[in-house]
Structure formats: structure tokens, C-alpha cells
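Asks: Here's a sequence, model it:
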Amino acid sequence: QIQLVESGGGLVQPGGSLNLSCAASEFTVDVYAIGWFRLAPGKEREALSCISDENIVSNYAANVKDRFTMTRDNAKNTVYLQINDLMAEDTAVYSCAAGFQCKPGWYEYVFWGRGTQVTVSS
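Replies: Prediction:
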């Protein structure tokens with residue numbers, strides 16, 4: 001069964017950093033496009049970035065692109081989202097998803113992980 005499992009979230013102080021992981025099973029991450037999304041309370045799901053099967057990264061959130069970096073490790077079958085200079089408004093559940101192409105719409109993705117909570121607070 002295809003699975004995506006996120007990890008690396010937690011409680012962090014403003015200005016801190018996190019490296020979120022998205023580990024895949026029953027498929028290889030370089031076959032699909034893998035996107036990162038976040039869902040904050042009272043807000044719509046926001047597309048952050050996506051890495052294609054050709055290792056091309058698309059950034060969808062202009063307000064975070066300088067702080068968020070997406071990478072892929074094929075040997076570990078894992079995709080990462082490095083988040084620097086965290087702010088309170090980054091508090092959300094962060095999820096990864098697999099699709100056939102990198103698209104900003106969450107509905108374009110077929111397989112989803114359950115997400116990892118990121119809370120930024122002093």
C-alpha cells in the first residue's frame with residue numbers, strides 16, 4: 001500500500017528551524033511529483049512547493065520561498081522541507097502528497113500523508 005509519512009514537526013521558538021521529512025513506501029519518490037502543503041486553523045490549505053520526478057522544484061508560496069527549501073534523497077526515498085526563521089504564522093499541519101505533476105492545487109495530488117504539526121511559539 002502506498003504510504004507517505006511525515007515527521008520532524010514540533011514546538012519551536014520564533015526564529016528557529018525545522019527539517020520536515022516525508023518518507024515514502026511502496027513507491028519511489030523520484031517517480032512521482034511530491035508536494036508540501038500546510039493547513040492552518042481557519043485558513044485554506046496552502047501549497048508550499050513541489051519537486052518533480054525530474055528533480056525540478058516549484059515554489060508556490062511567494063511569502064515563504066526564501067525561508068523554505070525542498071530537497072529529495074532518492075537513496076532514503078524521502079523528501080524534505082527545510083524551514084528557517086520560523087514565525088508564528090507558520091503554525092500549521094504540514095503534509096506531503098504525491099501526484100503526477102507539480103501543480104499548486106491540492107486536488108491534483110493522489111496520495112497524502114497524515115501530516116506533522118508545526119507550532120511556533122515562545
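Asks: Is the residue nearest to the spatial centre of the chain bridged to anything, and to what?
Replies: With distances taken as C-alpha atoms, centre = their mean, Trp36 lies nearest the centre of the chain, 2.7 Å away. Listed by DSSP bridges, the beta-bridge partners for Trp36 are Ser49, Cys96.
Asks: quick one: contacts of the one helix or strand Cys22 maps to?
Replies: Cys22 belongs to strand 18-25 when assigned by DSSP states H and E. Residues outside strand 18-25 that contact it (C-beta atoms under 8 Å, 6 or more residues apart in numbering) are 1-10, 12, 29, 34, 36, 76-83, 86, 94, 96, 98, 113, 116, 118. Where you see a C-beta, it was placed from the backbone N, CA and C, and this is true even at glycine.
Asks: Could you check stretch 61-74 and say which residues are buried?
Replies: Judged by neighbour count (16 or more other C-beta atoms under 10 Å), stretch 61-74 contains these buried residues: Ala61, Val64, Phe68, Met70, Arg72.
Asks: Can you report the mean pLDDT over the residues of that stretch?
Replies: Stretch 61-74 comes out with an average pLDDT of 90.
Asks: ditto for stretch 22-38
Replies: The average pLDDT for stretch 22-38 rounds to 92.
Asks: Span of that stretch from start to end?
Replies: Using C-alpha to C-alpha, to the nearest Å, the end-to-end distance of stretch 22-38 comes to 13 Å.
Asks: I am finished for the moment; much appreciated.
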